[in-house]
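Chemist: Take this sequence and fold it.
(2 chains)
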Amino acid sequence: MSELTGAKILGFGGYQPDKVVTNDDLSKLVDTSDEWIRSRVGIKSRRVARDDETVADMAEAAGAKALAACGLEPSEIDLVIVATCSPETPLPNVAATVAYRLGIPAPGAYDLNAACAGFCYAIGAAADSVRAGSARNVLVIGAEKMTSWIDWTDRSTCIIFADGAGAAVVGATAPGEPSGIGPVVWGSAGDQADKITVSGRTGTLAQDGQGVFRWATTAMAPVALEACRRAGVTPADITAFIPHQANLRIIEAIAKKLGIPRDRLADDIITAGNTSSASVPLALAAMSEQGRLQPGTPALLIAFGAGLSYASQVITVP
Amino acid sequence: MTDQEILSGLAEIIEEIAGTPADEVTPAANFVDDLDIDSLSMVEIAVAAQDKFGVEIPDEQLKDLKTVQDVVNFVSKNS
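Modeler: Down below sits the predicted model:
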């Protein structure tokens, strides 16, 4: 990996709500079936937050796990970024509340909305903050309660989205140590803003599934390739590919285009659903628990969604 | 490009994406009823067809292309 950067991922962790909703459960709400959902989106079951469980609650739980994983004291965190597009209200932000609850004393704290792409945007912003000396360590969290923005009578969306949170701590590399976070390749396509929307204060999520499918399966592989190139690696070097868990067919198609074998592809969507900005860190945590990550080797992240917006980078597995 | 060339190119694409043996991809075959191809696979086929034939098949056109011959005609007319 290139010597440009001095930031790396120190540790990560995920939190999922207890409640499991199966495809059979959904087939009692809308006209669908287990077979239809598995063949179209690859999901078998997903997690749904309790009514009284907030985005901040889930963010706090994931953040605590990431802090524990890297062994830092709360006082060593200078910045908290929460990537989310589904907070209960726009004010106050989630980040300051979570920082306070985790005992992090008065850090910079902001929420970042790049929808499903949010976590990779936040990792990019965190790495830049560490490199520039704006923060020693950054707690990055992706947290979503997508189900609070879902129309449970819309069978094209209620089968896809789910809840959860994942977090990572970004810190500095030791002198002489190679960079552990490659340059972020990010971008947007605002001309396609109408493909995924929530209309108005009482609206629910609407998606042009076919249009998003076409965009993601054609436009994202080149972005991932560019992220590899800028990190100085090739897809053949990638030991774990962790795309936003949008739809199993989308991510299998991207992996195929990149020539990355199926066994290196994160497939957490099967039991976690699409948790928007939480999906990349949740999938990272799941692969780790399954023994599918090799510390010290390059993993490729890419996330994409409403905006449309996207971001990708190569990280070194901590 | 002749219709026969488009048909054989399309059969290769469908075999690759949906696993349907190329010899089952006959002009009269209906994507949904005969070839068991869903709407997302149709998008993948359209994208692959664009790469192969240089003809874009937009989503709004795609829903009207019910049979293999419909796609052959569309590509032939727009190439």
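Chemist: Tell me which residue in chain B sits closest to chain A.
Modeler: residue B:43 (4.9 Å; CB to the nearest CB). Any C-beta I mention is one placed from the backbone N, CA and C, and that applies to glycine too.
Chemist: which ones are touching that residue?
Modeler: If a contact means CB atoms under 8 Å, 6 or more residues apart in numbering or on different chains, then residue B:43 has A:210, A:213, A:214, A:217, B:59, B:62 as its contacts.
Chemist: what does residue A:31 give?
Modeler: Neighbour list for residue A:31: residue A:155 [criterion: CB under 8 Å, 6+ apart].
Chemist: coming back round to it: may I ask which of the contacts of residue B:43 has the most neighbours?
Modeler: When neighbours are taken as other CB atoms under 10 Å in any protein chain shown, the top entry among the contacts of residue B:43 is residue A:213 (24 neighbours).
Chemist: helices and strands around the one helix or strand that one maps to, which ones?
Modeler: In this assignment (DSSP states H and E), residue A:213 forms part of helix A:209-231. Here helix A:209-231 touches strand A:185-188, helix A:248-258, strand A:298-305, strand A:309-316, helix B:39-53, helix B:59-62, going by 3 or more CB pairs under 8 Å, 6 or more residues apart in numbering or on different chains; DSSP states H and E.
Chemist: And the fourth one, how far out from the chain middle?
Modeler: Between the centre of strand A:309-316 and the centre of its chain there are 10 Å (CA atoms, centre = their mean, to the nearest Å).
Chemist: Count the residues that sit near the nearest residue to residue A:251 once chain neighbours are set aside.
Modeler: Closest residue in space to residue A:251, ignoring its immediate chain neighbours: residue A:243 at 4.5 Å, by CB to CB, 6 or more residues apart in numbering or on different chains. Residue A:243 has 29 neighbours, counted by other CB under 10 Å.
Chemist: which bits of chain A sit near chain B?
Modeler: With CB under 8 Å from any CB of the partner chain as the criterion, chain A meets chain B at residues A:39, A:40, A:210, A:211, A:213, A:214, A:217, A:218, A:249, A:253.
Chemist: can you redo those residues as JSON lines with distance to residue A:285 and pLDDT?
Modeler: Converted to JSON lines, the residues of chain A next to chain B look like this (distance: CB to CB, whole Å; pLDDT from 0 to 100):
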{"residue": "A:39", "distance to residue A:285": "27", "pLDDT": "91"}
{"residue": "A:40", "distance to residue A:285": "26", "pLDDT": "91"}
{"residue": "A:210", "distance to residue A:285": "31", "pLDDT": "92"}
{"residue": "A:211", "distance to residue A:285": "31", "pLDDT": "93"}
{"residue": "A:213", "distance to residue A:285": "26", "pLDDT": "95"}
{"residue": "A:214", "distance to residue A:285": "30", "pLDDT": "94"}
{"residue": "A:217", "distance to residue A:285": "26", "pLDDT": "94"}
{"residue": "A:218", "distance to residue A:285": "29", "pLDDT": "93"}
{"residue": "A:249", "distance to residue A:285": "23", "pLDDT": "94"}
{"residue": "A:253", "distance to residue A:285": "24", "pLDDT": "93"}
